[in-house]
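Undergrad: Got a sequence here, can you model it:
(chains A and B)
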There are 2 protein chains.
Amino acid sequence: MGRTGIAPLPLLLSRVLAKDIVSRIDVPPYDRSAMDGYAVRAEDTFKAGKFEPVELDCVGVVNAGDVPRMKIGKEECVQISTGAMIPGGADAVVMVENTERSGKRIQVYRSVPPGSNLSKQGEDIREGAVVLMKGDLLTPSKVGVLAALGLTKAEVFAMPEVHVIPTGNEVAEVGRELRKGQVYDINSHTLASILRESGCVPITHPVVEDTREALADVLGKMEGADMIVLSGGSSAGERDVLEQVISSMGKVIFRGGQIKPGKPTIFGTLGSTPIFGMPGYPTACLTNGYIFLLPAARKMARLPPKRDVVGSFPLAKKYAATLGRHQFLTVRVENGEAHPVFKESGAITSIAHADGWIEIPPNVDIVEKGTMVEVHFF
Amino acid sequence: MGRTGIAPLPLLLSRVLAKDIVSRIDVPPYDRSAMDGYAVRAEDTFKAGKFEPVELDCVGVVNAGDVPRMKIGKEECVQISTGAMIPGGADAVVMVENTERSGKRIQVYRSVPPGSNLSKQGEDIREGAVVLMKGDLLTPSKVGVLAALGLTKAEVFAMPEVHVIPTGNEVAEVGRELRKGQVYDINSHTLASILRESGCVPITHPVVEDTREALADVLGKMEGADMIVLSGGSSAGERDVLEQVISSMGKVIFRGGQIKPGKPTIFGTLGSTPIFGMPGYPTACLTNGYIFLLPAARKMARLPPKRDVVGSFPLAKKYAATLGRHQFLTVRVENGEAHPVFKESGAITSIAHADGWIEIPPNVDIVEKGTMVEVHFF
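TA: Alright, predicted model coming up:
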C-alpha cells in the first residue's frame, strides 16, 4: 500500500501527498506592496498628521509586474499598485486614501512605521521551508499552494484497487436479458460507486457462483490485491459457504449478526488483503457499504474520516424496530421530517428514495412519531 | 444549458439525469422468497401451533437462480432459499426457524397467512413505472437503482464548461521560471478545483494582461460559454478596468464591496453567460470561490446545494474584525479549537493550513477568545 506515482497539477485534486513539499522559492519572491498608494521612506512621514501633511516628490510609477529601475531618495516617493515590487530606498507604503495629489507633489496625511503595507520577500514562505506534508489531502486550497510554489506535478499515493465480485446463482449482469429466476446485479454498482467516492478504484468482476469451488477459485487469484469486496449470499447457506472459504484461506474477523440489516456481513483477511462479504439484499448492502466499507476504503486511501453530515428531524411516523439488534433505517427527508422508506431489504425502492439513514439502538423497540432523529446523509 | 449526452453506467456517479427513468421490467421479476425455509400452501399451515405442528411432505428444493419445475399439492412443501423463485401452488413461505425436519417430513410450528415471507412479482417496481426522475442526482444508491432495472447507460445533462482566465501583469504560469516582479498563478488552480468539485469542467486559459484591450479581446471570444471566471485585479485600477469592460460588453450585477476579503469580487453577465471577476489575492479568491462561485457552479450543474458541514468550536484567540464589513476568516481546527490562520490576503500560508472559515457579521469588532464559532468546512 505504499505505491506512489507522479500526477500532474490538474489531476491532483483529492489525492494524497506521498512526500513533503519543500519550497524552492521565497514567497513573495520580492518585497511587494499590499496596497495601492505610494512607496516611501517611512522616516519621511513621521511628522505627517491629519491636519499637517508632509509633502513628497513623486518620482515614478510601479505597476504590478514592473521591475522598478528608480531608487527613492529623501522626501521622494513612487506611486505603487497592490502586488507591485517595492523600489529601492523605500521601506513602507502609504495608502492612497491617506494622500492627496497635485501634479508631482503628494501630500501625506498619515505617518507610517517602516514595513507598513508591504510584504517582505520570503515573509510568507521561505525557500527550503516544508509547506505541505506527506499524507496531506490535496483540497482546492492545497492545490493552490502547490501552484504558488510553481509546481506542475507532485508525488501522490496510488489509489487502492478494490476488487468487487458479485456472487449468486440468481444474479445476472446488467445489459443481459434476464432468464427466469434471475435478478440484475445491483450491488457491484452501488459498492463501486461508494468506493469511487472514497478515493479507491473499483475493479468489477463477472458474477461468481455461490459454491465453495468457484469462490475459492476466484479468491485464489487475488494474491496481493489491495482489498476484496464480495456481495451476495442472502441465504444462510450462501453465507456459510463464503465464511468457510474465507476461514480456510485466511481469517474471519467479524460478522454483522447483531445489526439490521447486515446479518450476513463478514469481514476478514486473506494474507494481508482485507476482504468484505457484503449482504446480497441491496438495501442491506448499501447501508453496510456506508457503515463498514466506506470508512475502511477511506482509511486505505489515506483520506481523513468522512465528515458526517447529520441533520436532526422529527420522525414522520411511528416505527417498530427489532429489539436486540442495532438497526440502520433508510429515510427520506421531506418537508422537514424524516420519512422511513424501508420496505424490506430486497426492495429497490427502499434505496431509490432514501437520503440517508438513522440508527436505532438494540434496546429500543418503538420510535414514536415526532421523535427527533439524527439523519446521516449519504 | 440543456445539453445532454448518454453516459455508461460506470461513469454515471454524480451525474444528473436528463430524462425520467421508466422501468422495462417488473422488480422482482418473479414471486420470490424473502427467507430461507419452505414454500407452502398457506392454508395447510393454519392449524399449526407451537406445541402442535402440522406435518408436510417435502417434494423438492429450489435454490436462488433455479427455475422450479414442480407444483406443490395439498400438504406438500418445497425447501427454498432466500431470493429463490416460488414454485407453482405455493403462496407463502415458512421460515426455517419455525420448522423441524426428519427425512422428507417437515414439521411446521407456526401458521402463516398467504403472502408471508415472499415478494410478489412487480411488488417493488411495476413495468412502466417512473423510478427516477429528470433532475435526480445519481448517488451510489441511484446508480444501484439503474442497475436493478438492467440499464447500462442513461441520458444525463452535460457538465457546464467554465472558462477560468487568470489576469495580471505580474502573474506567471506554473512551470515557468519566475521573472523579477512576478508571482505564480494560484487562483486558476484553486478555482478549477472548486469547479471540479461542483460538477463543472474547468477550461483554463493563459494569463491575460490587465488592460481594457486584452480583456475585451478574450471576452469577445467567449460567446455562448456556459460561465466565465476571471481572477486577478487586486489593485483599484485593475478592478476598475475589469468592471468597465464587463459594463461595456454586458452588465455588472453586484460587487463584493461590503465583504472582507472580497472587495474586488464582481458578478455580471455577458449576454446569457454569467461572469465572475474574482479577487487576485489567493485567500480572498479562495473564500469568495466557496461563497459565491461554488453555489453558482452547483446550480448551473443542476446539483442540489452543498450540504454545509458545520462544526461549533471555541475560538482559540481573540480576533479583531473590521466594523462595517461582513468578514470571512479562514481557520484551522486543532485540539477542539478554531485557530485563525489568516495572516493577510496575499499569504499562501493563510490557505495552506485552513480547514474552513467562520463568518463575522459587520456589526462585530472584537471576537473574544473562547467565543463559540461555527466553522464551515471546505
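Undergrad: got a list of what the residue of the stretch 101-250 of chain A found nearest chain B touches?
TA: At 3.1 Å from chain B, A:Asn169 is the closest residue in the stretch 101-250 of chain A, using CB to the nearest CB. Just so you know, the C-beta spots here come from the backbone N, C-alpha and C atoms, and that holds for glycine as well. The neighbours of A:Asn169, taking CB atoms under 8 Å, 6 or more residues apart in numbering or on different chains as the test, are A:209-210, B:63-66.
Undergrad: Skipping adjacent residues, who's closest to it in space?
TA: Once flanking residues are discounted, A:Asn169 sits nearest to B:Gly65: 3.1 Å by CB to CB, 6 or more residues apart in numbering or on different chains.
Undergrad: For the one you found, grab the count of nearby residues.
TA: 22 (other CB atoms under 10 Å in any protein chain shown).
Undergrad: For it, which three-state class applies?
TA: Assigned with DSSP: H, G, I helix; E, B strand; the rest coil, B:Gly65 falls in the coil class.
Undergrad: any weak-confidence spans in chain A?
TA: A:1, A:233-234, A:344-346 (pLDDT under 70).
Undergrad: Domain ranges for it, per the record?
TA: Split into domains by automatic domain parsing, chain A comes to A:4-26+A:129-157, A:32-119, A:161-300, A:310-377.
Undergrad: most tightly surrounded among those?
TA: Between the domains of chain A, domain A:161-300 has the highest mean count of neighbours, a mean of 21, where neighbours are mean count of other CB atoms under 10 Å in any protein chain shown.
Undergrad: gap between the two ends of that domain?
TA: 10 Å (CA to CA, to the nearest Å).
Undergrad: Ok, stretch A:99-119 next?
TA: Stretch A:99-119: ends 21 Å apart by CA to CA.
Undergrad: That one close to chain B?
TA: Yes: residues of stretch A:99-119 contacting chain B under CB under 8 Å from any CB of the partner chain: A:Ser119.
Undergrad: Kindly report the same for stretch A:183-196.
TA: Yes: judged by CB under 8 Å from any CB, stretch A:183-196 and chain B are in contact via A:183-194, A:196.
Undergrad: centre of the chain versus that stretch, how much separation?
TA: Centre-to-centre, stretch A:183-196 and its host chain are 21 Å apart (CA atoms, centre = their mean, to the nearest Å).
Undergrad: now do stretch A:158-167
TA: Computed by CA atoms, centre = their mean, the separation of stretch A:158-167 from the middle of its chain amounts to 20 Å.
Undergrad: I'd assumed A:Ala297 was in contact with A:Pro305.
TA: No: with contacts counted by CB atoms under 8 Å, A:Pro305 stays clear of A:Ala297, the gap being 11.4 Å.
Undergrad: Touching both of these two, which residues are there?
TA: Common neighbours of A:Pro305 and A:Ala297 (CB under 8 Å, 6+ apart) do not exist.
Undergrad: residue contacts, A:Val156?
TA: By CB under 8 Å, 6+ apart, the neighbours of A:Val156 are A:4-7, A:12, A:15-18, A:138.
Undergrad: go with 10 Å
TA: Contact analysis of A:Val156 by CB atoms under 10 Å, 6 or more residues apart in numbering or on different chains lists A:4-7, A:11-12, A:14-19, A:136-138, A:302.
Undergrad: Please name the bridge partners of the residue nearest to A:Asp136 when sequence neighbours are not counted.
TA: Take A:Asp136 and drop its neighbours on the chain: the residue closest to it by CB to CB, 6+ apart is A:Leu17, 4.8 Å away. With DSSP bridges as the criterion, A:Leu17 is bridged to A:Val156.
Undergrad: What's the separation between A:Leu17 and chain B?
TA: 12 Å (CB to the nearest CB, to the nearest Å).
Undergrad: from memory that residue sits against A:Leu137, does it?
TA: Yes: here A:Leu17 reaches A:Leu137: they are 8.1 Å apart, a contact under CB atoms under 10 Å.
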